[in-house]
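Peer 1: Fold the following and give me the result.
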Amino acid sequence: MDLLTAVLACSLHPDDQLVRAIVQVQSEGQQLFVGDLTALRGTDSARTVDEARTLFAGIERQGHRSALGLMGVSPAWAAQFDHQPSDLWDACINISVGTAKLSEFDYACRHPRARRRPGRGRAQPPSLTSAVNRTCILRRYAAELLLPPTFLSSVLSAMSTPALPAPPPPLPAGPSADWSPGLFFGDTSATPPPPSPTAWPPR
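Peer 2: Sure, this is the predicted structure:
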């Protein structure tokens, strides 16, 4: 299943443009992406699920928070929908979990008083569901993952892109020379070095 098909077929949120932009910013379309939310770095070096598991295990051993797969999904989100962290490297599962959370945030944005007054929240009129609601959804997405402020601006900027770029051709396993922080959390002025495989000894 190619990436665009996964977005369209597996998404549980109607705003496909928003989903595409999040994927572009979080992972640049890398299905086996592994990100360290605590250190704010990511890698696209995994070429198999086993390699992705090794990188993920290293992040967990450090006590850091991780983000996995196309949408940079938190393993805690996977657990909410009865999935294992490794399931998040399946494109369809990743999109479905990530967009289920988008729909949850969308509802919270439209019904800000729903928790205090069940059944009496007022939905936003359709005319206010584009830029206003997208910004609200993205703020909630970033807040749950503790992403930096650049995330919001990077996603909104990426929404002008009509479609996701094709993933690059496969590379040998190991650190990627093309790694950049934009793979995971948007552009920043400082570019940390790519994670070294020595930081995560094999199982």
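Peer 1: And the lengthiest helix in the chain, what's buried?
Peer 2: Using DSSP state H to define each element, the chain has its longest helix at helix 91-110. For helix 91-110, the neighbour count (16 or more other Cβ atoms under 10 Å) marks 91-102, 104-106, 109-110 as buried. Where you see a C-beta, it was placed from the backbone N, CA and C, and this is true even at glycine.
Peer 1: and it, what does it pack onto?
Peer 2: helix 3-10, helix 16-26, helix 75-80, helix 131-145 (3 or more Cβ pairs under 8 Å, 6 or more residues apart in numbering; DSSP states H and E).
Peer 1: Next SSE downstream of the helix or strand Ala57 falls within?
Peer 2: In the assignment (DSSP states H and E), Ala57 maps to helix 49-61. For helix 49-61, the following helix or strand on the C-terminal side (DSSP H and E) is strand 66-68.
Peer 1: what residues does that next one touch?
Peer 2: By Cβ atoms under 8 Å, 6 or more residues apart in numbering, the residues outside strand 66-68 that reach it are 26, 33-37, 42, 52, 56, 59-60, 73-75, 78, 85, 88-89, 94, 145, 184.
Peer 1: Give me the number of neighbouring residues for Ser160.
Peer 2: Using other Cβ atoms under 10 Å, Ser160 has 8 neighbouring residues.
Peer 1: Could you do Ala21 as well?
Peer 2: 22.
Peer 1: Just to check, it is in contact with Val155?
Peer 2: Yes - using Cβ atoms under 8 Å, Ala21 makes contact with Val155 at a distance of 4.8 Å.
Peer 1: still on that earlier bit, what are the C-alpha coordinates of the helix holding Ala57, in CSV please?
Peer 2: These are the backbone C-alpha positions of helix 49-61, laid out as CSV (Å, rounded to 0.1, in the frame of the first residue of the first chain):
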residue,chain,number,x,y,z
VAL,A,49,10.9,-3.5,11.6
ASP,A,50,13.6,-5.2,13.6
GLU,A,51,16.0,-2.2,13.1
ALA,A,52,13.2,0.1,14.1
ARG,A,53,12.5,-1.9,17.2
THR,A,54,16.2,-1.7,18.2
LEU,A,55,16.1,2.1,17.9
PHE,A,56,12.8,2.3,19.8
ALA,A,57,14.2,0.0,22.6
GLY,A,58,17.2,2.4,22.9
ILE,A,59,14.9,5.4,23.4
GLU,A,60,12.9,3.5,26.0
ARG,A,61,16.0,2.4,27.9
